[in-house]
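1. What follows is a predicted structure for the sequence shown.
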Amino acid sequence: MNKIGILGAGAWPLAVASFFKKRNQDCIIWFHESDASVATTRKTCYLQGYSVPQELEFTSSYKDVFDQCDLIIQFIPIQFLRKTIEEFKPFFDPARHKLVSTTKGVEVDSELFPSEIMKEVLGVSEFSCLFFDSKAIDLIEEKVGQSLLIAGHSHEVLQVLHKLFYSPALNIELSLDVAGVQVLMSFKYYFVILKKYLKNPSLSDLAKKSILNKSSRDMFTLVTRFGGQSATMFNLLSGLSDFYIDMHADSPINITGKALPDGSSAKNLDFVMFEQAHSLLGLVSKARHSGVVLESEPLIRDYYKSLSIL
């Protein structure tokens, strides 16, 4: 296969690039200027103790990526996705390039999922996405027990991605339910918000059970309301396992699975949580405008309010 393009230079894109490199699959990594140091130092604070392979190729040019690659995997946060797509649009050829998304959430202003943003900006209907249930460093080390959900409209692309990511350490599931998987990817942020409430010692076990039941009902409602399949709800277990890991982690973990550096965890984690709670509000609004009021909405709004005044 030709080089694979990777948009982003945070923990997950670097982990995926390193995973590919171990399998002799060449990549080219596009980085934003804010991540420029990674290209020179080969290190990132979000993958402590790990150095990126020297052989990995970095660029700050979209043209380099789209000229050399047919398959591009983007790791762009939802709040920057539209701007990024508009920037690389001049180099995108819908007849040649296959875009794969790892973006979670809903764009707040437009209330659109990543697939809807891509269709609006690029005019493409075919969409594929990856949903990891692990930490980035676990992928690099290929720890057994990880899960990867690959969803898309194209059987061909699903098979290509399955081959690329095949590993005895990864339990890979393929799905054609793009709508349902995007809802789950968006609502997954909610599990970290739950941490604040379920760790409250004054909360009874009955109250905790009630909160979790409401969350499960909301996920089922959203999946079916936005055209997903009810069977996709089984992937609720993916969100719950991340939530369990986060609840019992020795060091602070954010929702992308990156251990935060010592001395800056509180500030960084609050910022990450604010951005993701903001995206959850977009999902709440999208639901309301489709005639659905989430049982979890008061909790989400309360959490967002507590973060916005920090």
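-> Nice, thanks for sending it over. As the structure is a prediction and not an experimental result, all values here were calculated from the model.

2. Give me the pLDDT value at the nearest residue to residue 295 once chain neighbours are set aside.
-> Nearest residue to residue 295 in three dimensions, chain neighbours excluded: residue 214, at 4.0 Å (C-beta to C-beta, 6 or more residues apart in numbering). All C-beta spots, glycine's among them, are computed from the backbone N, C-alpha and C. Looking at residue 214, its pLDDT stands at 86.

3. Now do the SS call for residue 214.
-> What DSSP: H, G, I helix; E, B strand; the rest coil gives for residue 214 is helix.

4. my read: it touches residue 297, true?
-> No - counting by C-beta atoms under 8 Å, residue 214 does not reach residue 297; the two are 9.8 Å apart.

5. show me the contacts for the closest residue to residue 91 other than its chain neighbours.
-> Among residues not flanking residue 91 along the chain, residue 66 sits closest, at 3.8 Å (C-beta to C-beta, 6+ apart). Going by C-beta atoms under 8 Å, 6 or more residues apart in numbering, residue 66 touches 5, 72, 88, 91-93, 97.

6. gap between residue 66 and residue 175?
-> 27 Å (C-beta to C-beta, to the nearest Å).

7. swap in residue 184?
-> With C-beta to C-beta as the criterion, residue 184 and residue 175 are 10 Å apart.

8. ok, those two, which is more surrounded?
-> The residue with more neighbours, out of residue 184 and residue 175, is residue 184; 24 against 19, by other C-beta atoms under 10 Å.

9. And the helices in this protein?
-> Remark: helices assigned in the chain by DSSP state H are 11-21, 36-41, 62-68, 78-88, 114-122, 136-141, 155-165, 178-187, 189-198, 205-225, 236-247, 265-289, 297-308.

10. and the last one, average pLDDT?
-> Averaged across helix 297-308, the pLDDT comes to 80.

11. Kindly report the same for the third one.
-> The pLDDT scores in helix 62-68 average 97.

12. residues of it that come out buried?
-> For helix 62-68, the neighbour count (16 or more other C-beta atoms under 10 Å) marks 62, 64-66, 68 as buried.

13. Make CSV out of these and add distance to residue 179.
-> Listed next are the buried residues of helix 62-68 as CSV, based on distance: C-beta to C-beta, whole Å:
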residue, distance to residue 179
62, 28
64, 33
65, 28
66, 27
68, 32
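
14. from the residues you listed, which two are the most distant?
-> 62 and 68 (11.2 Å; C-beta to C-beta).

15. can you tell me the distance between the two ends of stretch 121-138?
-> Start and end residues of stretch 121-138 are separated by 34 Å (C-alpha to C-alpha, to the nearest Å).

16. as a whole number, average confidence for that stretch?
-> 90.
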